[in-house]
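Participant: Provide a 3D model corresponding to the input given below.
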Amino acid sequence: MSRRSFRLLHVAGIAMSALLATLWALWVPVFEEPDELAHLDYAFALYDAGRPFVVQHATAGTDVTPQVRYLESISHYRTMRYNPWAIEPAGYGRTAFLRRVDASAPRPSHRVPPDGTSMPYVMFGYPIGYYAVLALIMSVAGALSHDSISVVFLSARLFNVALLIPTLTLAALIFRQCRLDRSTTLLATVAVGAFPLTSWVAGYAQPDNLSLLLVTAALYYVSRWRDDPSDSRRSVVLAFVLAALFLTKHQYALCAWAAAVLLALTRLSLRPLTPKTVASVAMVALLPLLAFTASLLFVPVTRLSATGSFLGTALLQMDFQHAGRLALQMLFDGLDAYAGGNAFTGYWFHFGFRMGQVFPAAALPWLREVLAVLSLAAVVLFASLQLRRLSKIARVWKSRSSAVALRLTAAGVAINIYVALTLILCAAQAASNGELELEGRYWLPVIVPAVLIVLVEIPKLIGRRAERRIVRVVAAGTMACYSLVASVCALAAMHADFYRPSPLTARRDTVAKVVAIQAAGRQSQSIPGTIVLPEHRATVVRGYAVDMVTGLPATRVSLRIDGGQRHYAVTGLSSVSLARFLHDDAIRKSAFGLRLPPDTLKPGRHHFLVEIDDPQLAWPLAVGRRFDVAVTASDHLSQR
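Facilitator: Next up, the predicted model:
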């Protein structure tokens, strides 16, 4: 392939990837992307204030800014999110709709929220860098459009699309630096840019997009800088890239910074120490740490104190026996690799919320199995490569050549970044005793190192150079084909889900859902799944329910015992745990409670059935799960 042809095809590949991300940005309704509401809530808070700020003694909340609440209301956000069969009305996104949105939208107040107020919960766990840049873009768009909220919202999404262009440009430069030929570089770039997870996330407000750009830039400049650590220009650029990464997301910054510092230390051992070299290495090592310290200044004091307590007691409180079982479970989940295992949900197939699957299971029933086999093969080959690398380092270290062993460890920058992130995420899951669920999109910012491992590192297990080249071209071509086909299918499935009527719309019995229920009693050891209650005592049934038509708490919940009379529960009770779990304060009062007087239940077996009613209908909207209840005369019950 000639250089001219390569450049033209490379530009076309980047443009195609940006087009896919733009379609995601334009077609997905407001806030229907996972976590977009939470991220834009923080960005709108900065946009509304007109400058960066921090509220020292704040409480975490959702739907904090008036702009977010307004967009939720006018776009029927909750109906679309909680009702899986709702579709957008005709004219959604058209000029008339946008004019109606802009007509009564709230204007920026240019006021900093007072101390002690409720703030977006992401402020308590994410650095301010991405949100400050996004708020600046939104402010510029607002100034140019006379504070049109539709333009401001769209500018936030398109800014993330724009981040994909320099990311893919740097990725192609990295592939060329690794001596991949032009055809393989082109296919690998298309595989990264058109990958469903890449184009999907690039279409909405998500700090992972900036993290992906900065991790890729760090990988590129580390590979340039390691040839000459005394190069002050490259040192400054690398230091500022790592500093920006610390202001975006700490976990990715830590991985890239550690790989760069380790490589710098090994290079210092090979060259004579000069003031210029020491200054360059010091800048790369220290400037990012200053940025990390600066990022903490914009975190509320309440969160910093809680974080300090958590970091200080996490290891002491960890259930190591559970952590061991969790590690084994993650090992078995890893065998399914990226093809849908619990540890990587979302990387290949599932997008979350209403996005559903990239491919319908009935359409391509064999694709999941094929990807599972290919992914498992890649995992085995990568493990073999790592074992060979570690054994070589151990042999060198055993021969008392510690400097050489350190250089071998630092040489694989892409491997070090990828492995470091995996270890950090797994450690976080273990420290939380499994409460933190790992998702495949957490690995998106290191997708370029992952592709380098597949195309550069794994083929090293093959002896001949010609065979390596064939393997690289086939692997890159396979990934590119999958990315293109999967992206088209994913876009088609999303568009049909939000804009085409479903034949299931008339199934009114499935549009509401009982999320959970707890009955006052004890679990019987002899009757699995049966709730055992004592006789002559009042029974309390508690739970929470959300009407999936409106996305709001259910207003009428009843309990039917043995198919007989209904007992209506008290609704509108506070359920803070559910609101925190779904990051939605609007469903805080979704709990219900019901007290059955003594002697309502006679000794024997009973069936409880929870139903959600609509006063305007003669039949229940939704039927909850059934519960088997056994009433016994004995008060000496064993608790399971």
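
Participant: and the helices in the stretch 151-300 of the chain?
Facilitator: 182-193, 196-201, 207-225, 232-246, 250-270, 275-296 (DSSP state H, counting those that start in this stretch).

Participant: among those, which gets the worst mean confidence?
Facilitator: When the helices of the stretch 151-300 of the chain are compared on mean pLDDT, helix 250-270 scores lowest, with a mean of 84.

Participant: for that helix, buried residues please.
Facilitator: Neighbour-count burial for helix 250-270 flags 250, 252-257, 259-267 (criterion: 16 or more other CB atoms under 10 Å). C-beta coordinates here come from the backbone N, C-alpha and C atoms, glycine included.

Participant: who does it touch, helix- and strand-wise?
Facilitator: helix 207-225, helix 232-246, helix 275-296, helix 402-411, helix 413-431 (3 or more CB pairs under 8 Å, 6 or more residues apart in numbering; DSSP states H and E).

Participant: can you tell me what sits against the third one?
Facilitator: Contact with helix 275-296 is made by 127-129, 225, 229-232, 235-236, 238-240, 242-247, 250, 253, 257, 260-261, 264-265, 268, 271, 304, as judged by CB atoms under 8 Å, 6 or more residues apart in numbering.

Participant: and that helix, which residues are buried?
Facilitator: Those would be 277, 280, 281, 283, 284, 285, 287, 288, 291, 292, 295, for helix 275-296 by 16+ other CB under 10 Å.

Participant: now the residues you listed in a markdown table, with distance to residue 185?
Facilitator: Listed next are the buried residues of helix 275-296 as a markdown table, based on distance: CB to CB, whole Å:
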| residue | distance to residue 185 |
| --- | --- |
| 277 | 32 |
| 280 | 29 |
| 281 | 31 |
| 283 | 31 |
| 284 | 27 |
| 285 | 32 |
| 287 | 31 |
| 288 | 29 |
| 291 | 32 |
| 292 | 34 |
| 295 | 35 |
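
Participant: nearest to residue 160, of those residues?
Facilitator: Taking CB to CB as the measure, residue 160 lies nearest residue 295 of those, at 20.3 Å.

Participant: now residue 118, which residues is it bridged with?
Facilitator: residue 59 (DSSP bridges).

Participant: can you check residue 543 too?
Facilitator: Here residue 543, judged by DSSP bridges, has bridge partners residue 517, residue 592.

Participant: so what's it scoring on pLDDT?
Facilitator: pLDDT, residue 543: 77.

Participant: still on that earlier bit, show me which of the contacts of helix 275-296 are buried.
Facilitator: Using 16+ other CB under 10 Å as the burial test, the contacts of helix 275-296 include 127-129, 225, 229-231, 235, 238-240, 242-247, 250, 253, 257, 260-261, 264-265 as buried.

Participant: can you give me the strands for this structure?
Facilitator: Counting by DSSP state E, the chain has strands at residues 59-61, 118-120, 513-519, 522-523, 530-534, 539-547, 552-553, 557-561, 566-568, 570-573, 591-596, 604-612, 622-632.

Participant: separation between the closest residue to residue 299 other than its chain neighbours and residue 298?
Facilitator: Spatially, and ignoring its direct neighbours in sequence, residue 299 is nearest to residue 124 (6.7 Å; CB to CB, 6 or more residues apart in numbering). From residue 124 across to residue 298, the span is 11 Å (CB to CB, to the nearest Å).

Participant: kindly report the same for residue 245.
Facilitator: Applying CB to CB, the value for residue 245 to residue 298 is 16 Å.
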